[in-house]
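Q: Next one to model:
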Amino acid sequence: MTDTPPDWVLIEAAKRSDTWPQEIETLRGSYDSWFIFRALCDMIQKYEQPPVDRKLLCAEEASRQYWDRPEDEPEGVSWIGIRAIELWEEGFGK
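A: This is a model prediction of the structure:
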């Protein structure tokens with residue numbers, strides 16, 4: 001048995017090989033027994049980065065904008081949450 005790659009690699013390979021959705025245990029077994037799936041997983045793990053959650057990107061951008069805003073705008077951390085939702089709805093990070 002070999003070292004199985006992280007789950008995000010297995011899931012991404014399954015999506016690209018039209019075998020998604022499956023249980024993660026099934027994908028781990030496919031990595032050990034299906035050489036084509038293994039090759040795809042190895043290439044994804046070697047050359048790609050894990051996907052970034054858009055919600056996190058929106059929250060980080062909202063926080064950055066909060067500190068860069070003009071001082072005469074309303075304050076409060078709720079501003080960050082509201083702006084993060086607006087960024088999400090605008091499609092930020094797609």
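Q: pretty sure S17 is touching R38, no?
A: No - in terms of Cβ atoms under 8 Å, S17 does not count as a neighbour of R38; the distance is 11.2 Å. Quick note: C-beta positions are derived from backbone N, CA and C, even for glycine.
Q: neighbour count winner among the two?
A: Ranked by neighbour count (other Cβ atoms under 10 Å), S17 and R38 place R38 first, with 17 against 14.
Q: any idea which element the more buried one lies in?
A: helix 35-47 (DSSP states H and E).
Q: For that helix, name the packing helices and strands.
A: Packing partners of helix 35-47 (3 or more Cβ pairs under 8 Å, 6 or more residues apart in numbering; DSSP states H and E): helix 7-16, helix 24-33.
Q: what is the mean pLDDT for the lengthiest helix in the chain?
A: Across the chain, the longest stretch assigned as helix under DSSP state H is helix 54-68. Helix 54-68 comes out with an average pLDDT of 88.
Q: which other residues reach that helix?
A: 79-81, 83-85, 87-88, 92-94 (Cβ atoms under 8 Å, 6 or more residues apart in numbering).
Q: where in the chain is pLDDT low?
A: For the chain, the stretches flagged by pLDDT under 70 are 1-2, 72-74.
Q: Thank you, goodbye.
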